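Chemist: Fold the stuff below for me.
(chains A, B, C and D)
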Protein chains: 4
Amino acid sequence: MNVSTRRPTSPGAEEILGRYFPVLDHGFVALVDYMGTDQCIERAARVSYGYGTRKTSLTRGLIRYLRRHLHTTPSEMVEFKFHCCMPMFIARQWIRHRTANVNEYSGRYSLLPMLFYTPSADQVQTQSRSNNQGRSGEALSAEQYEKARALWETSREASSAAYRWLTGEQVARELARIDLPLSTYTQWYWKIDLHNLLHFLKLRVDPHAQWEIQEFGKVMAGMLKLALPLSYEAWIDYDVCGARLSRMELDALRKLVSVEGGGLRARAGQGLEAGALEELGLARREVDELLNKLLRTDVPDFSLDVASARPAEEFSERFARAVPSGEPEPNDP
Amino acid sequence: MNVSTRRPTSPGAEEILGRYFPVLDHGFVALVDYMGTDQCIERAARVSYGYGTRKTSLTRGLIRYLRRHLHTTPSEMVEFKFHCCMPMFIARQWIRHRTANVNEYSGRYSLLPMLFYTPSADQVQTQSRSNNQGRSGEALSAEQYEKARALWETSREASSAAYRWLTGEQVARELARIDLPLSTYTQWYWKIDLHNLLHFLKLRVDPHAQWEIQEFGKVMAGMLKLALPLSYEAWIDYDVCGARLSRMELDALRKLVSVEGGGLRARAGQGLEAGALEELGLARREVDELLNKLLRTDVPDFSLDVASARPAEEFSERFARAVPSGEPEPNDP
Amino acid sequence: MNVSTRRPTSPGAEEILGRYFPVLDHGFVALVDYMGTDQCIERAARVSYGYGTRKTSLTRGLIRYLRRHLHTTPSEMVEFKFHCCMPMFIARQWIRHRTANVNEYSGRYSLLPMLFYTPSADQVQTQSRSNNQGRSGEALSAEQYEKARALWETSREASSAAYRWLTGEQVARELARIDLPLSTYTQWYWKIDLHNLLHFLKLRVDPHAQWEIQEFGKVMAGMLKLALPLSYEAWIDYDVCGARLSRMELDALRKLVSVEGGGLRARAGQGLEAGALEELGLARREVDELLNKLLRTDVPDFSLDVASARPAEEFSERFARAVPSGEPEPNDP
Amino acid sequence: MNVSTRRPTSPGAEEILGRYFPVLDHGFVALVDYMGTDQCIERAARVSYGYGTRKTSLTRGLIRYLRRHLHTTPSEMVEFKFHCCMPMFIARQWIRHRTANVNEYSGRYSLLPMLFYTPSADQVQTQSRSNNQGRSGEALSAEQYEKARALWETSREASSAAYRWLTGEQVARELARIDLPLSTYTQWYWKIDLHNLLHFLKLRVDPHAQWEIQEFGKVMAGMLKLALPLSYEAWIDYDVCGARLSRMELDALRKLVSVEGGGLRARAGQGLEAGALEELGLARREVDELLNKLLRTDVPDFSLDVASARPAEEFSERFARAVPSGEPEPNDP
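Modeler: Have a look, this model is predicted:
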């Protein structure tokens, strides 16, 4: 339902407002409200009177300047509110971002849905050896994957059975839920300002983040691209595809590149083997990190497929159907 | 300029959006953007799908329940953005509320206006003896007030002259400003969520707050009344006109009032002199505090006179005119 | 190991520093570091030079004054660091207190212990009808409890089996863990200032909090009593055993009690039935809430049994033994 | 006064605890309390039991890894409390760092000292043309400086006279102060965790910060070097002497340097003039910024001269002497 407003309005944000974008097997992200536009960042930076507009090229220049120099307070003047549904192990990572507002569906007050996240075959990979907390890229065999699924099924049936029986016996919900798995879906309203959202997204679309939360991050980055195209572009250029270089890394580059006549020039014949880099003070791991920063990488494109949105009711009904009826079911243990 | 939006919209907030309300002699408050309505608080509390509405009486009941029980997270889901102009001694109190976003006009980057706050005759009062940090209610004599004004005038002329001369000599603005008085007006964009705004307003419309910041608080409370009438009413009933009672104060009341048959009854013949109250553990000062809580007080009404708003341009021009021209003036010292 | 320091030191905090206090069946709380004493709160409030001391009675008066008037910034000047171990469903409630610093044991990086919380028979109660999110006080029958335990056992065996097999197959830990139940124990370092700790404890020792987190809150309140006896006493008197009264509740009391001659007096013959209270603007639920505030209640005593502390090694070894060996076990499914 | 503690203790922090280091003409910084050491950062990162120690080289490696990868939560586990005295225009910049705890000397409650900051001749410089908010490096002439001092003197005499007269007439202090200049000294207790302190110091020792706050930052950086030598070193290497490079800047370097055989090699004959850099997407200003990042710079050394500390009493007495006596002075206007 459209109404009239005198507030600054983003056409891209309006396009997706209230639409539910699926993530993983049962999750979603929806933008339910927003405050501010790219232009509002400039207005805040200039402490402007009224809503006068300037040329987009000037706004773009200012936004890029602010981001590059970490003048982040004007970007705190834009706010987004999301409705999100994710497995609890993801919720536990997400909530670590403290500068946000959260209202989560309460398992003390309400019955939880028996909806569990099942990773797809390509995602069930072995532990990475280089990234101590992630996966390796090597999927299990089809046979192993079937075994994993069977184990999950057994475990979830047992958990659900306990939950159904306990809630059927009117046991307090805060206790009935304690054996539900971390793969159980929960949902929340989540509100955050642009500065903190960009920080969240930078960390969560990063390949070192758990793949499942990356999936949420990508959808939200796509929303950002629609809502605030100039801020999105600056974030890609200065954050996502930028890098922090240490004193030692800059020293290494200074040995290979000279500043000459207002430009840069490669120092002919200069090279630095791994050993030479370590002599500059880089630890062995840092040598690899430096090489990786200098390898060419693709610019990610988080464009959102707006057509993939589904109506709120679809998720609301799926959630409602998955909640135990409250009556003990005939074939419960 | 009105545009169409799918966002939840508050008619009361739209009415005042972008209008500048004068405060003190040169200051103002304007609501420049907002996100959310009373209904959005309920939606967040229920983690609702979509924007369906419920009966206002149910929303009111929930909002009052939440406020009474300090379930404050749903009220964090509403956000306000203000443009404010105030003397620096007020800005220094205001900024102590840390859970807010601020962009202040920069005296390092820009020239400051020679606009200074002058208290009116009735406000120049002696130091209070009961409230160690406030004023007494006793104004100075007319003669004393004239003397005060003359001192201020001398001091401001000297400060302005120094600023004009220094900036005329191209001295860095960050240094030229250091002798401007705390009464100099500054301005900022200030964004805050409802939960923190209510906390700010509770403290700042309180009679113990400095009178000048109360004036700002009252205007903002009036804006709140228009934007979120149910939240405003709950705030008046549970915060502004409520009180915290200590264990000792409750013990005193228990000696005077009994709980009987689902109601309350005064215990005939019971009384507690000051000494008896101290025996219950109240310090002398606490006895007075308790009596004050039990004296009848008027319910404040922060209704805003919408007709008092002035266009942004009026303030913007006043501010611009008061900025030194940058050229040394002929009659500068 | 004792060393010498010039820092302000709390004898009570030193007594328990580094000692591990058991909570629930496998959890614990230990105070691992602290900064500040009751006297430091006064020093901050006075912006004192050096560490001079004043009479305890004056410090007590100031601390009580500050707490009563919600002048909370001086209490932010004291800091506590805890090492805590709790079931994940408790960790999820705990983490909602955002103004704290947390380092949690990582299930992406490390193997998790197969330690699960099992509620005792008296705690497995039915859903409360009055408190929509808590338990009723009515425990299950012995037979029902046995059934519940059997269901938990089945579910935990299935979850553990999945975790053991998946980690044995070198599946990434971040995925292997997703079917572990919310009753699995996790642990973290948690650091918080006194102001926020008192807020946390107020909410978490409250009978409306989930019983399991109350158990943690009570131990921490006991630590507080030892570390900062004056702040603890003020918190009991003004927060734990105090109450917030609304405008309508105060109006009711004003009808029953008069302020006379520097004291209070019950108004003879005055009474307010439930209906009369509702006419004053109290909702039906608020009438009950008011009566409860005026019923006499015991002052809780959170004294800690220091002798119940156990050495860190005991928990560290229990945790280590419960972590899967990483090798597929012979009788795994 | 030394006492015994079981807390982790930093010898470097103990050395300076409670010593007052002068900054500017009347200001100071003193470390009045601290919690944690470099080793505590590792303990938090590992969620360690007890206080066992590891080899310093391992702790150093972990601290550098954490800082390099912005794993900042373990550094939030260390806390510092300072007593600082600075001019109000500096206090207004300082307070913008919101994630800190503050207790400021109250001008509503207490009389303020007539102590004002006077910049030295070399610091009164013209506005910078490149840095829009700073000074140029060009000092005023001796004659101009004398003129500036004379203007300041006149202005301060007028301000002080007003303050003395108003407070002598018992005018409320909250009003009497409003014409004191921004150069008036104030003081506060300021507590902050290491993560936020490093962020504060990075911004405030930066040459773009106002010189006066840099002076405070340098002293605090020196305290950090003593208290947490490993964290200080990592901060210098990864933050102070590091740089953020954008996508376009990295693309430029990729054209000049190749990754070969585990090391780096300058691409012979390759150069990028300013125009070529702009074609890669750098704005003109960004070209200069890039060249500056690649010019060799000295590593700053913030070592503190411990012998420069003065006893607390010296400042406390200076402050007390500068407070108006409260009696109208004979030669007051």
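Chemist: The longest helix along chain A close to chain C?
Modeler: Using DSSP state H to assign secondary structure, the helix with the most residues in chain A is helix A:142-168. Yes. Using Cβ under 8 Å from any Cβ of the partner chain, we find that helix A:142-168 touches chain C at A:144, A:147-148, A:151-152, A:154-159, A:161-162, A:165-166. Heads up, the C-betas are built off the backbone N, CA and C, glycines and all.
Chemist: which residues touch the closest residue to residue A:273 other than its chain neighbours?
Modeler: Counting by Cβ to Cβ, 6 or more residues apart in numbering or on different chains, residue A:273 lies nearest to residue D:263, which is 4.1 Å off, once chain neighbours are set aside. Neighbouring residues of residue D:263 by Cβ atoms under 8 Å, 6 or more residues apart in numbering or on different chains: A:271-274, A:276-277, A:287, A:291.
Chemist: do the same with residue A:174
Modeler: So residue A:174 contacts A:107-108, C:89, C:133-135, C:210 (Cβ under 8 Å, 6+ apart).
Chemist: For it, report the pLDDT, please.
Modeler: Predicted confidence (pLDDT) at residue A:174: the value is 96.
Chemist: send the alpha carbons of the next helix or strand after the longest helix of chain A over as CSV?
Modeler: Remark: after helix A:142-168, the chain's next helix or strand is helix A:173-176, criterion DSSP states H and E. Only the C-alpha atoms of helix A:173-176 are listed here, as CSV (Å, rounded to 0.1, in the frame of the first residue of the first chain):
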residue,chain,number,x,y,z
ARG,A,173,8.7,-24.0,26.5
GLU,A,174,11.9,-22.6,27.8
LEU,A,175,12.8,-26.1,28.9
ALA,A,176,11.2,-28.1,26.1
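Chemist: Paired strands for the helix or strand following helix A:173-176, with orientation please.
Modeler: Going down the chain from helix A:173-176, the next helix or strand is strand A:185-193, by DSSP H and E. Within its sheet, and counting by DSSP bridges, strand A:185-193 is paired with strand A:79-87 (antiparallel), strand A:101-104 (antiparallel).
Chemist: tell me the most buried of these?
Modeler: strand A:79-87 (a mean of 25; mean count of other Cβ atoms under 10 Å in any protein chain shown).
Chemist: In PDB, could you pull the C-alpha coordinates for stretch A:187-199?
Modeler: Output in PDB follows, covering the C-alpha atoms of stretch A:187-199 (Å, rounded to 0.1, in the frame of the first residue of the first chain):
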ATOM      1  CA  GLN A 187      13.900 -15.300  13.000                       C
ATOM      2  CA  TRP A 188      14.300 -11.700  14.100                       C
ATOM      3  CA  TYR A 189      13.800  -8.100  13.300                       C
ATOM      4  CA  TRP A 190      17.200  -6.500  12.900                       C
ATOM      5  CA  LYS A 191      17.900  -2.800  12.600                       C
ATOM      6  CA  ILE A 192      21.300  -1.300  11.900                       C
ATOM      7  CA  ASP A 193      22.800   1.900  10.600                       C
ATOM      8  CA  LEU A 194      24.700   2.000   7.300                       C
ATOM      9  CA  HIS A 195      28.100   2.300   8.900                       C
ATOM     10  CA  ASN A 196      27.700  -0.800  11.000                       C
ATOM     11  CA  LEU A 197      25.900  -2.600   8.200                       C
ATOM     12  CA  LEU A 198      28.800  -2.100   5.800                       C
ATOM     13  CA  HIS A 199      31.200  -3.400   8.500                       C
END
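Chemist: Could you give the average pLDDT over it?
Modeler: The pLDDT scores in stretch A:187-199 average 98.
Chemist: Which of the contacts of residue A:174 ranks first by neighbour count?
Modeler: Neighbour counts for those peak at residue C:89, which has 25 neighbours (criterion: other Cβ atoms under 10 Å in any protein chain shown).
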